[in-house]
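Q: Model the following, please.
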Amino acid sequence: MRIIKYFIFLILLSGVSLDIYAQNRLTGKITDKKTGEPLSYANIYLPDQNKGTQSGESGKYELKNLPKGDLKIQISYVGYKTHVETVEISEAKNTMDFSLTPVAMQAEEVVISGGSHSTQHENPIKIERIEPEQIANSGNASFAENLTFVPGVDIIAKGPAVTKPVIRGLTGTNILVLNNGVKLENFQFSENHPFLIDDFGADRIEVIKGAASLLYGSDAVGGVINLIPEKPAPVGTIRGDFSGKYFSNTNGFQSDFGIKGSEESIYWGLRAGIKSHEDYISGDGKQVPNTRFNEQSLKAMTGYHNSFGNMNLYYSYNRPTFGMSVGKAVPLIAENGRENDIWYQDLTNHLLSTKNRFYAGGWKFDLNAAYQMNNRKLQTDTSMPFKEMVDMDMSSLSWDLKAHLPFGDEADYIIGVQGADKTNRNNEAPNHVIPDADVFDVSALGFARIPFGEKLKTQFGLRYDYRDLKTADEPGKLPIDTLYGKISASAGATYRINEAWLLRANIATAYRTPNLAELTQNGVHGVRYEQGNPELESQRSYEADLSTHYHNNWLMLDIAGFYNRISNYIYIAPTDDSINNYRVYRYTQNSADIYGTEISMNVLPVDWFDIRASYSWIEAVREDGENLPLIPHDKLKADFSYQPQDVWKFNTLCFNLGGTYAFEQKDIAPSESISDSYFLLHAGISGSVMAGRYPVRLSVRINNLLDEKYTDHLSTLKDMGFYNMGRNIVVSLKVPFGVK
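A: The predicted structure follows:
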């Protein structure tokens, strides 16, 4: 606790030592680099301060209440290359003009999931970005489905709602899902338990593929998914929007409404959303019983900015009910509908978080904390002894303290401590899937990003984690009282051969401790009897990544290869035993090797025609020669977009046609069956009509255009004989508005 008190003292001291009445400001003008013409309504954003504005009609901008020191600034404008630069605020009045270059495709953006705000080209592992336009036009009903835009990322699914992301063959507690940098604690002990998160109001989703325990601790063996919330409104404005979607296959709808405002020192925002879907119809025209789902969402944010730093407060609420298409439920579903009445997960999640940065001279201090409460209930039917079979509460209080050291103009040195206090408590429902438990985490880390000239940028880090895990003494479950202590490390570099060509390399070691289910479970879960193993050891991953990036005015190409050696890989496997007519599945360990490659390409031969393609291949084998379960198909994807000039009252009109070919998956685990290849086609049209200064956007998307009858290898409905979703026509509308 002494180190925590020391950090808090430094932060408080920094606030006292600064002149909080300083009115440091940055002004300038945004212009076209070729013509010199001013760019009206260009976006100027300071990522570290979470603050931005827009240029006026003359291209001029102004930002006030800024701290002294180096600040990263991002200038963006549709049709122009995003400009990212570090500027020095040294006086009360500072002037900086920016000229943007017209480009057809973006090659570099700012990301935050790599430890600090940086550009993609500064990171030894590429951090993929999924943009809000992709989400809006995708026709997907769930957060996880949108992740499949990224090569090497897939989903395990029991219908469109109960979904689980897979990164390079790893899932569950082998990957982390973050909401604004906060690790979600969501009972992740089965492929049928989704993360409680939605993409309403998302600024973007960032994906790290590969070992990331250095930054995030246990569970980041396979990668990290981070949802970044929307930015505050530009200073001096109130902005809002309404979005709505209709899904023909599920007779589903979802909509959300958001409004936000910003002044020089204070900003605020509020957003609410709803989803409702009936059971989906498969490619053979049949209803898949009890895949219906409903969800309510509420989000709020507020913040205060001044020259001494910025403080931000976020709240997120999710209340989904997900139907479970399981054997006992299927014969009880007489007709299609959207109401959840039997065999469904009744879930509630609250997340309150604060993210703050303070400045003292050249020092920067981050102080972040979060509290989340997750309640999970499983409702069955009246024929069961208890309709409410499961009722568990999981709560977590986490904190994160970091200091950015003022050494070097271009280098970034970070030291920090992180921790969490987690509890799991069972309520009156009879089925205690996992026991009451307490988990305490604390860690210390050091991280450095050091450039050597203009071409070579390196990154190094070391971390130590300590975990104390205790469980209650319950019938049929051995009590656990275990300490874990693990080291994580990473080293990597990016080398810019020239303006167009970049090389990346990274090696890392990551780990994860066994979760509560793997250690303690002893009972019926779904359609099988699952037994934990209190003797399990922590997993240890050693991963190497090598990739290259190339871009020019008409081509962007990324090629990546990886090799991941996992010692003591934890998995559940069927046995020859049975209990009460349920086959016993038992957790065990074996080392494993996972390797593969991902290729993505974007070609723009002319301004009005865009081609995107990707290919992902993966192999995953245990040391005993058996394949790992739930490894996705190798997939080839292509997308063609035709974007004519303004047509009638529409601008940014786009016609889209694309497809996915999944190769036969025959490298299967002993408990699996071969999955056939399949081909899916999609098509769409989107465009916007200007309503004053704001574009009203309309899109129509048809997924599985040919109504293909297929089963993906990662569908947990495969063994029940149900196919994946058939043709689905999705109509989307977004109406923005704003006032000064």
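
Q: now the helices for the protein?
A: Taking DSSP state H to define them, one finds helices in the chain at 2-17, 132-138, 213-216, 516-520.

Q: What lies in contact with stretch 29-37?
A: With contacts defined as CB atoms under 8 Å, 6 or more residues apart in numbering, stretch 29-37 is touched by 38-39, 42, 44, 55, 58-61, 75, 77, 80, 97-102. Placement of C-beta: from N, CA and C, glycine included.

Q: Take the residues you listed and keep only those in strands.
A: In strands, defined here by DSSP state E, the members of those are Ile44, Lys60, Tyr61, Ile75, Phe98, Ser99, Leu100.

Q: OK, contacts around the residue lying closest to the third one once chain neighbours are set aside?
A: It refers to Tyr61. In this structure, Tyr61 finds its nearest non-sequential neighbour in Ser55, 4.5 Å apart by CB to CB, 6 or more residues apart in numbering. Counting by CB under 8 Å, 6+ apart, Ser55 makes contact with Lys29, Ile30, Pro38, Leu39, Ser40, Tyr41, Ala42, Ile44, Tyr61.

Q: since we're on Ala592, how many residues are nearby?
A: 25 (other CB atoms under 10 Å).

Q: i'd like the first residue to be 540 from this point on
A: Yep, numbering from 540; the last one is Ala1131 now.

Q: Pro1113 contacts Glu1211, correct?
A: No: if you go by CB atoms under 8 Å, Pro1113 and Glu1211 don't touch, sitting 10.5 Å apart.

Q: neighbour-wise, which of those two wins?
A: Taking neighbours as other CB under 10 Å, Pro1113 and Glu1211 compare with Glu1211 leading, 17 against 13.

Q: Where does the prediction get shaky in the stretch 590-739 of the chain?
A: For the stretch 590-739 of the chain, the stretches with pLDDT under 70 are 643-647, 654, 725-728.

Q: Let's see that with 50 instead.
A: Of all residues in the stretch 590-739 of the chain, none has pLDDT under 50.

Q: Can you pull out the low-pLDDT segments for the protein?
A: Using pLDDT under 50, the chain drops low at 540-560.

Q: at 70 what do you get?
A: Looking at the chain by pLDDT under 70, you get 540-562, 643-647, 654, 725-728, 947-948, 1065.

Q: rewinding a little: most neighbours, which of the contacts of Ser594?
A: Ile569 leads these on contacts (other CB under 10 Å) with 27 neighbours.

Q: Report how many residues lie close to the spatially closest residue to Tyr1262 that is not a sequence neighbour.
A: Nearest non-adjacent residue to Tyr1262, counting by CB to CB, 6+ apart: Ser821, 3.9 Å away. By the criterion of other CB under 10 Å, Ser821 has 23 neighbours.

Q: can you tell me how far Ser821 sits from Ile1133?
A: Distance from Ser821 to Ile1133, counting by CB to CB, to the nearest Å: 31 Å.

Q: repeat for Ala1030
A: Taking CB to CB, one finds Ala1030 at 20 Å from Ile1133.

Q: the more surrounded of those two?
A: Ranked by neighbour count (other CB under 10 Å), Ala1030 and Ile1133 place Ile1133 first, with 22 against 16.

Q: pretty sure that one contacts Asn713?
A: No: contact criterion CB under 8 Å: Ile1133 and Asn713 do not qualify, at 10.2 Å.

Q: one step back: got a PyMOL select line for the buried ones in the ones in strands among the contacts of stretch 568-576?
A: Selection command for PyMOL covering only the buried members of the ones in strands among the contacts of stretch 568-576, criterion 16 or more other CB atoms under 10 Å:
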select buried, resi 583+600+614+637+638+639
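
Q: List the beta-bridge partners for Ser638.
A: Applying DSSP bridges to Ser638 gives these bridge partners: Thr570.

Q: show me the contacts for it.
A: Counted by CB under 8 Å, 6+ apart, Ser638 has contacts Ile569, Thr570, Asp571, Lys572, Gly575.

Q: Going by distance to Ile1109, which of those residues wins?
A: Ranked by distance to Ile1109 (CB to CB), these are led by Ile569 at 52.4 Å.

Q: Domains in this structure, by residue range?
A: Per automatic domain parsing, the domain ranges recorded for the chain read 541-642, 673-1278.

Q: for these, which one ends up most surrounded?
A: domain 673-1278 (a mean of 19; mean count of other CB atoms under 10 Å).

Q: how far does it stretch from start to finish?
A: In domain 673-1278, first residue to last residue: 27 Å (CA to CA, to the nearest Å).

Q: all strands of the stretch 740-889 of the chain, in order?
A: Secondary structure of the stretch 740-889 of the chain, counting by DSSP state E, counting those that start in this stretch: strands at 741-748, 762-768, 776-786, 791-801, 805-816, 832-845, 848-862, 883-899.

Q: Thanks a lot, see you next time.
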